[in-house]
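In: Take a look and give me a structure for this.
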Amino acid sequence: MNSPDHIPILAGAQAASRPASPALARLARLLTAHAPQDGSFETCIPGVHAIRASNTSAELVHGLHRPALCIVAQGAKTVMLGDESYDYDPSRMMIFSLDLPIAAMIRQASVAAPYLSFRLDFDQQRLAELILKVYPEGVPAVADRRAVYVAEAGEPIVDAAARLMALAGQPEDAALLAPLALDEIVLRLLRGPFGARLAQLGRVESHRIGRVVDWIRRHYDQPIRIDEMAELAHMSPSSLHEHFKSLTSMSPLQYQKTLRLQEARRLMLSTGMDAGLACQRVGYASPSQFSREYARHFGSAPTRDMLRLRNAGLSNAVSFTQ
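Out: Residues are numbered from 1 along each chain as shown. Okay, here's the model as predicted:
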């Protein structure tokens, strides 16, 4: 994993200085109202969140990101998936179509102009129904099947997100109208330039890989047997490896290792658990292997990393859960 010092400055960082569109400015105002202080706030509409941060990140924040649409209304952010880096700001949106272990860093934020983000967690069942409506004859093949991608945040989608956030302040209306706005957003995504990539969630191969991802996420502390994972996915081991890597940028074993290391760091930070116990808790049999892989992933050995983070007052700022 690259250290924060080696992440390139956002190519679109200047975008925040451009005048915001009316829809984006309205979305920013509504997010400010629903996120009155730093943090992630769930609204009365299931799956809809308002996120605010008044400072840039001092460290990469590690965690598992669920399938979701994220739109930045103000500020800028970098997301790392394996060795790949994705930058987004008010001119872009980010879409996750599988559970992915990522690292993220807010690159542009201040007290006067905080980072503001809208997040919509996808309802997988409803998404599958809408995919059938948009692609009744089947989803077209796509060359790039990565399960995370950045696209332009067009005015119609930003406007729909702003209307959804406005409904979040009107619970009685939201119960009736929010499902319509949610469908509108998903339909606009599916009918847009990146629709086929989002719709790959409905493809048989993606469902099969999704089953493997779900198993690893729930059993990250247990040994992985590729033959058993291939059987779960109804694929050959070689086909499983190919499809898994094309979606997540990593192999099943690398995916599991990333989850293990993220969870070990979270346990040590949040509970004060020592490295030896955290190592066992997440499924490592060899403390020396755990220490080596932890240092390679986070930049320093577990004990030294904990000391550095606590001395810098960053114990609550380097990991997230969803």
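In: alpha carbons only for contacts and neighbour counts from here, please
Out: Fine.
In: Spatially central residue for this protein, please.
Out: His65 (3.2 Å; C-alpha atoms, centre = their mean).
In: Next up, the contacts around the nearest residue to Ala153 once chain neighbours are set aside.
Out: Excluding the flanking residues, the one nearest Ala153 by C-alpha to C-alpha, 6 or more residues apart in numbering is Arg92, at 4.7 Å. By C-alpha atoms under 8 Å, 6 or more residues apart in numbering, the contact set of Arg92 is Ile71, Val72, Val150, Ala151, Glu152, Ala153.
In: what do you get if the cut-off is 7 Å, keeping everything else the same?
Out: Arg92 makes contact with Ile71, Val150, Ala151, Glu152, Ala153, according to C-alpha atoms under 7 Å, 6 or more residues apart in numbering.
In: The last one touches Met93, doesn't it?
Out: It refers to Ala153. Yes - counting by C-alpha atoms under 7 Å, Ala153 touches Met93, with 5.1 Å between them.
In: Now do the helices in this protein.
Out: 22-34, 124-134, 155-167, 171-191, 195-199, 204-218, 226-233, 237-248, 252-271, 275-281, 287-298, 302-311 (DSSP state H).
In: Any idea which of the ones you listed gets closest to Ile102?
Out: helix 252-271 (8.7 Å; C-alpha to C-alpha).
In: who does the closest one touch, helix- and strand-wise?
Out: helix 275-281 (3 or more C-alpha pairs under 7 Å, 6 or more residues apart in numbering; DSSP states H and E).
In: What residues sit buried inside the helix it packs on?
Out: By neighbour count on 16 or more other C-alpha atoms under 10 Å, the buried set for helix 275-281 is Ala275, Gly276, Ala278, Cys279, Arg281.
In: ok, Leu267 - contacts?
Out: With contact taken as C-alpha under 7 Å, 6+ apart, Leu267 is in contact with Met273, Ala278.
In: same thing but at 10 Å, please
Out: Contact analysis of Leu267 by C-alpha atoms under 10 Å, 6 or more residues apart in numbering lists Leu261, Met273, Asp274, Ala275, Leu277, Ala278, Cys279, Arg281, Val282.
In: out of the helices of the chain, nearest to Arg145?
Out: Relative to Arg145, the nearest member of these by C-alpha to C-alpha is helix 237-248, separated by 5.5 Å.
In: and that closest one, what's its mean pLDDT?
Out: The average pLDDT for helix 237-248 rounds to 90.
In: ok, residues contacting it?
Out: 81-82, 97-101, 143-148, 200, 205-206, 208-210, 212-213, 226-236, 249-255.
In: In PyMOL, how would I select the buried members of the contacts of Arg92?
Out: Selection of buried members from these for PyMOL, criterion 16+ other C-alpha under 10 Å:
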select buried, resi 71+150+152+153
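In: Among the contacts of Arg92, which are located in strands?
Out: Among the contacts of Arg92, the members found in strands (DSSP state E) are Ile71, Val150, Ala151, Glu152.
In: So the second one is in contact with Tyr86, correct?
Out: Right, Val150. Yes - using C-alpha atoms under 10 Å, Val150 is in contact with Tyr86, at 7.1 Å.
In: shared neighbours of the two, anything?
Out: Overlap of the contact sets of Val150 and Tyr86 (by C-alpha under 10 Å, 6+ apart) consists of Met94.
In: in stretch 118-127, what's buried?
Out: In stretch 118-127, counting by 16+ other C-alpha under 10 Å, buried: Phe118, Arg119, Leu120, Asp121, Phe122, Leu127.
In: Quick check: bridge partners of the fourth one?
Out: Beta-bridge partners for Asp121, by DSSP bridges, are Ala68.
In: Quick one: residues contacting it.
Out: By C-alpha under 10 Å, 6+ apart, the contact set of Asp121 is 46-49, 65-70, 95-97.
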